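> Structure for this input, please:
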Amino acid sequence: MGVELKVKCGFIIVLNAIMLVGCGKLTIEDAQPTLTSKNTTLDKIRATNTLVVGFHDRPAPFSYVPNGSATPIGYAIDIENHLINAVKLAVNMPNLDVQWKRIEASERINAVKTGMVDFECSTITNTLARQQEVSFSMGFFVVTSSFLVHKNQNFTGYQDLNNQKVGVVKNSVSEKILHDYVKNHATKIKIVQIDSENIENALQTGMVDMLFSDDVLLANNRMNLKKPDEWQIVGEPNNYEIYGCTLGKNDDTFKKVIDNSLLDLYATGKIYQMYDKWFKTPLPKLGKNLNYSLSVENAKLFAKPYDTPVPSDISKATQNISKGFKTD
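Residues are numbered from 1 along each chain as shown. You can find the predicted model right below:
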């Protein structure tokens, strides 16, 4: 298309981000692809002059709606806005009507699957089971399941689980991981299902001894507790999960637009600015700070993007990301 990225070999982080294609002058290929099939998401958008973007209004800093506002903000929302611009270019409609649709966590897969929304980016994990219903973009965040516990507890990780009351978010991937661990290690614990809205209350009232969830979500829970400094996130990584944007299944044209836009975000280094804004500084309209440093796994994701459920499956990626760029 002609969006140029000038990259110096000395810029180590961005150099790693584009190591698949080497150093030099790069261009994004096919950000505005030629449509050869009908009834694609882009066809629908063109026909209706409307792009419907889904969002979930929690947790911060991924997405939230400040008091007195009707517009969501957050890390995932900034990413969606970047993708929206790419879609506008792809359909050649700079004045495209963009509609934001709030969806519950339990509705996200079905909302995309049925076409209620054209895409959504939230804290939803890319799994093989979910790939049977929707497609996933390249990942935009890597998490691992950990424990949020009070510092007074003598707890350091999985080896201390016996006789504990552990809270999990109902129907989450972390819940399945914990059940599998207990089954495989004959650990005796009580697993308590909690709705995401009641997590902090369950911890502070003693309903559970600790919470088991994605580490970045635990950072959000800790931030919302009355005395966050008294709580800590512990536990050695036992798994890695990938958050990706959900897209309609079997629409390679639309997926290429979304993936190339994410690749642009990573290769230009803009993703690091977004990260610092939402994870390392006080949150707009909230004033709270997650103080969540960039993990090694997230740095690897930004350096070498992939769209598979786990990093070890990069070789099985459904799209060769390196083809998104060509060297002049």
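> Just confirm residue 189 contacts residue 163, I think it does.
Yes - between residue 189 and residue 163 there is a contact under CB atoms under 8 Å: 6.9 Å. Just so you know, the C-beta spots here come from the backbone N, C-alpha and C atoms, and that holds for glycine as well.
> quick one, phi psi at the nearest residue to residue 231 once chain neighbours are set aside?
Spatially, and ignoring its direct neighbours in sequence, residue 231 is nearest to residue 222 (4.9 Å; CB to CB, 6 or more residues apart in numbering). Per-residue torsions, residue 222: phi -60, psi -40 (degrees, to the nearest 10).
> In contact with residue 222, which residues?
Contact analysis of residue 222 by CB atoms under 8 Å, 6 or more residues apart in numbering lists 148, 228, 231, 233.
> ok, residue 189 and residue 163, which is more surrounded?
Ranked by neighbour count (other CB atoms under 10 Å), residue 189 and residue 163 place residue 189 first, with 16 against 10.
> which residues sit in contact with that one?
By CB under 8 Å, 6+ apart, the residues touching residue 189 are 161-166, 182.
> Mind pulling the model confidence for it?
We note a pLDDT of 95 for residue 189 in this prediction.
> ok, now residue 13?
With respect to pLDDT, residue 13 has a value of 37.
> Renumber starting at 694 from here on
Sure thing, new numbering starts at 694, so read that last one as residue 706.
> residue ranges for the strands of the stretch 844-993 of the chain, please.
Ranges of strands within the stretch 844-993 of the chain are 858-862, 883-887, 903-907, 924-927, 934-940, based on DSSP state E, counting those that start in this stretch.
> Could you report the neighbour count for residue 920?
There are 9 residues near residue 920, going by other CB under 10 Å.
> Quick check: it vs residue 810, distance?
38 Å (CB to CB, to the nearest Å).
> Residue 762 too?
20 Å.
> Who has more neighbours out of those two?
Taking other CB under 10 Å, residue 762 and residue 810 do not tie; residue 810 has more neighbours (24 against 10).
> Would you agree that one is in contact with residue 745?
Yes - in this structure, residue 810 is within contact of residue 745 by CB under 8 Å, at 4.8 Å.
> Now do the shared contacts for those two.
residue 794.
> ok, residue 806 to residue 828 distance?
Counting by CB to CB, the gap from residue 806 to residue 828 is 10 Å.
> which neighbours do the two share?
When contacts are counted by CB under 8 Å, 6+ apart, residue 806 and residue 828 are jointly contacted by 941-942.
> now residue 845, nearest residue through space, not along the chain?
residue 923 (7.7 Å).
> wait, what's in contact with that neighbour?
With CB under 8 Å, 6+ apart, residue 923 has these contacts: 843-845.
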